[in-house]
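Student: Return atomic coordinates for the entry below.
(chains A and B)
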Amino acid sequence: MLTNRPRGTNDILPGQVEKWQLIEETMRCISAEYNYQEIRTPIFEHTELFIRGVGETTDIVEKEMYTFVDRGERSVTLRPEGTAPVVRSYLENRLNSGPQPVKLYYTGPMFRYDRPQSGRYRQFHQVGVEAFGSHHPALDAEVMSMAMEFYRRIGLVDVELHINSVGCPECRPQLKEKLCEYFRPRESDLCSNCRQRLVKNPLRIIDCKNPGCQEIAKDAPTPLDHLCSDCKEHFDSVCEYLKALGIPFVINPRLVRGLDYYTHTAFEIMAKGLGAQSSVGGGGRYNRLIEECGGPSIPGIGYALGVERIILALEQQGVETAPSPGPDVFVAILTPDLKADAFKILSKLRKKGISSDQDYLGRSLKAQMKYASKINAKYTIIVGNDELEREMVILREMDTGEQSEVPVEDAAAKIKERLASCTD
RNA sequence: GUGGGUGUAGCUCAGAUGGUUAGAGCGCCAGAUUGUGGCUCUGGAGGCCAUGGGUUCGAGUCCCAUCAUCCACCCCA
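Tutor: Below you'll find the predicted structure:
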């Protein structure tokens, strides 16, 4: 127990963490280019926020939340997704009273009490954006193009952007009615899940993965066929912008996302070779959410990309990230009495910005050399009694084995010089 | 929440039909005479065989339970 991580969580170790850093850096970089600013919200929120925000009938709220009561008898929940907290923060901090739109990005852990499997964990990580305050379809296109640009830059190929429109409060009631009309006569052939959906959220039936339900739903009405004129215009316009930007996409009229707050645009990005959990990101427009959370009627749109799944997909595709390099210099000593002198040299190197290390196990010179080689040190400085008396040390290049005596004073400068020349 | 697979050294795995002190490769540490790594050789450390019950004269091996892990369903990232 003591040495086991909690179920569905992961340690990200050296060797793996470089991929995470690359993803986070890329997010920062792209966000700057698209003019999104970072926001950091708490990792837990009042439970009520997610119930209201994500929707009472969603799987997330019904069975996946990490909820507990704190010492003050408040019910709090580890955030299962990023949108509701950002909306809360936007309202609480009155960001709606500044210039609009407000464009924000975030990275961080999310928590869902699911049964773990490939690409699915109880603590997982997302990078995402939210943009508030504009209805403009160009913003939908911007958000999607940003997500696609992210995959491109990270080196992930074979990703497909699926888009759909799930309508708005104007046209959705009619659609729901049509769906009920269509499905009710065949209710007994639907899976038990879908029979419940018929009452709670008929829209989701057309997205059911059950083969039986798929067969029945084949000819069911889709949102796309029943959009009101505003929704239709918006959707067409989004498609136009995507085409103008040269972003390939497929219209998937059956795409219905599991979060209740989406209106108009919904999208999902799939990667090949990922097994069952093939979605590496998704998002959509949520024009009612802010109001639902107690704010004014302000539209929003956003996406979230799954870091673990992106890494899985990258590995699947054989994309390699550079491993973290070893230190520039290892300072070895011939005899233990030279430790203090060597330590001084080491300290000077570090102050000059040269990454360096030394032995902490009292090893022989031979063992120190072996260690230096294993940790991939580029150079070794060997401190010997004879040389030190003449204020000299040996500088050895590990790749070639070439070595020469250099004055202690010049060691740092010499190393800097050589490091600079070999990176060109 | 449901179903299936798997749990032996830090890692990858051997350990027929139950039978003495549980093995290999890699990794780790040390050595191979004078103050120098990568190759080679030698030695060493490291296992309550996931945990708890049972069957048996005897269990790493058979049975049950628990836990963990992997995969799939549901759903999502």
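
Student: who's in contact with whichever residue of the stretch 201-350 of chain A sits closest to RNA strand B?
Tutor: Sorted by distance to RNA strand B under C-beta to the nearest atom of the strand, the residues of the stretch 201-350 of chain A start with A:G258, at 0.6 Å. For the C-beta atoms, the positions are set from N, CA and C on the backbone; glycine is no exception. Shown in contact with A:G258 (C-beta atoms under 8 Å, 6 or more residues apart in numbering): A:T58, A:D59, A:I60, A:R204.

Student: Against A:P109, how distant is A:V86?
Tutor: Note on A:V86: its distance to A:P109, by C-beta to C-beta, to the nearest Å, is 15 Å.

Student: quick one: which of those two has more around it?
Tutor: Applying other C-beta atoms under 10 Å to A:V86 and A:P109 shows that A:V86 carries more neighbours, namely 25 against 14.

Student: That one against A:V129, yeah?
Tutor: No: with contact defined as C-beta atoms under 8 Å, A:V86 does not reach A:V129; the gap is 9.1 Å.

Student: Next, show the common contact partners of these two.
Tutor: Counting by C-beta under 8 Å, 6+ apart, the residues touching both A:V86 and A:V129 are A:L104, A:Y106, A:G302.

Student: What is the burial count for the first one?
Tutor: Looking back up the chat, that one is A:L104. Applying other C-beta under 10 Å, we find 22 residues neighbouring A:L104.

Student: Show me what the helix or strand encompassing it is packed against.
Tutor: Using DSSP states H and E, the element containing A:L104 is strand A:102-111. Other elements packing on strand A:102-111 under the criterion 3 or more C-beta pairs under 8 Å, 6 or more residues apart in numbering; DSSP states H and E are helix A:17-33, strand A:37-38, helix A:83-92, strand A:123-132.

Student: just checking, what packs against the third one?
Tutor: Judged by 3+ C-beta pairs under 8 Å, 6+ apart, helix A:83-92 is in contact with strand A:44-46, helix A:47-54, strand A:102-111, strand A:123-132, helix A:289-292, strand A:300-306.

Student: Report the buried residues of it.
Tutor: A:T83, A:A84, A:P85, A:V86, A:V87, A:R88, A:S89, A:Y90, A:L91 (16 or more other C-beta atoms under 10 Å).

Student: Quick one: name the residues of the stretch 301-424 of chain A near RNA strand B.
Tutor: Within the stretch 301-424 of chain A, the positions near RNA strand B by C-beta under 7 Å from any atom of the strand are A:304-306, A:308-309, A:334, A:361, A:363-367, A:369-374, A:380, A:382, A:384-387, A:394, A:396, A:398-401, A:403.

Student: Looking at those, which are in helices?
Tutor: In helices, judged by DSSP state H, the following of those are found: A:308-309, A:365-367, A:369-374, A:385-387.

Student: Kindly give a single PyMOL line that selects the buried subset of those residues.
Tutor: Selecting only the buried entries of these in PyMOL, with 16+ other C-beta under 10 Å as the criterion:
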select buried, chain A and resi 308+309+369+371+372+387
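
Student: so which pair among the ones in helices among the residues of the stretch 301-424 of chain A next to RNA strand B is furthest apart in space?
Tutor: For these, the farthest-apart pair by C-beta to C-beta is A:R309 and A:D386; their separation is 58.4 Å.

Student: Show me how chain A divides into domains.
Tutor: As given by automatic domain parsing, the domain ranges for chain A are A:17-171+A:227-316, A:329-416.

Student: which one of these has the most crowded surroundings?
Tutor: Highest mean neighbour count of the domains of chain A: domain A:17-171+A:227-316, a mean of 18 (counted as mean count of other C-beta atoms under 10 Å).
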